[in-house]
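> fold the stuff below for me.
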Amino acid sequence: MSSQHPDIPLENLDRFLAEDLSCAVWWSPPDGIVIGVYVECNAAAIGTADVVRRIVSRRPAKCFAVEEDGSCGCDHLCLGELERVIDEHAMASDISYFTDYDHPTHPGQVKLDELRDRWAHEMGWA
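Alright, predicted model coming up:
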């Protein structure tokens, strides 16, 4: 990833997948959107959550190039890969994604927090 869009520091994701219900919200440079992922996971499997955090830290984007066989042809890290890693390492019982479009630049932490709270409320987590 370019220095213009650095990875999310892992310490900013230390609470993601730290409990049964977990969420991460980030800005995705390739498609100019904010993505929220909410995960209900198996608490017994959270010991391997660092693998998931490392994928999220790279700001995965929406998948634009699903091939006929279902494989991904994206030239960037996409949500399909994130979902695969979550399934492998957190044994999620539910993974929900939310998006907010039209953010050609990073919208700032206040906006990310606002979207996180709104989406959590919509899911009934708040």
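> what's the single longest helix in the protein?
If you go by DSSP state H, the chain has its longest helix at helix 109-123.
> who's in contact with it?
Cys23, Val25, Trp26, Trp27, Val34, Gly36, Tyr38, Ser96, Phe98, Asp100, His103, Ala126 (CB atoms under 8 Å, 6 or more residues apart in numbering). Quick note: C-beta positions are derived from backbone N, CA and C, even for glycine.
> of all those, which two lie farthest apart?
His103 and Ala126 (22.4 Å; CB to CB).
> show me which of those two is the more surrounded one.
Neighbour comparison, His103 and Ala126: the larger count goes to His103, with 19 against 10 (by other CB atoms under 10 Å).
> OK, contacts around that one?
Taking CB under 8 Å, 6+ apart as the test, what His103 contacts is Trp27, Gly32, Ile33, Val34, Lys111.
> before we move on, what SS does it have?
coil (DSSP: H, G, I helix; E, B strand; the rest coil).
> per-residue pLDDT, it?
Per-residue pLDDT puts His103 at 96.
> helices along the protein, start to end?
According to DSSP H, the chain carries its helices in the segments 49-56, 79-90, 109-123.
> which stretch among those comes nearest Leu10?
helix 49-56 (5.7 Å).
> end to end, how far does stretch 88-95 reach?
13 Å (CA to CA, to the nearest Å).
> go through it and flag the buried ones.
His89, Ala90, Ala92, Ile95 (16 or more other CB atoms under 10 Å).
> identify the farthest-apart pair in the contacts of His103.
Maximum distance among the contacts of His103 (CB to CB): 13.2 Å, for Gly32 and Lys111.
> in this structure, what helix or strand scores lowest on average pLDDT?
helix 79-90 (a mean of 85; mean pLDDT, DSSP states H and E).
> measure how far that one is from the centre of its chain, please.
How far helix 79-90 lies from its chain's middle: 10 Å, per CA atoms, centre = their mean, to the nearest Å.
> thanks again, I'm all set now.
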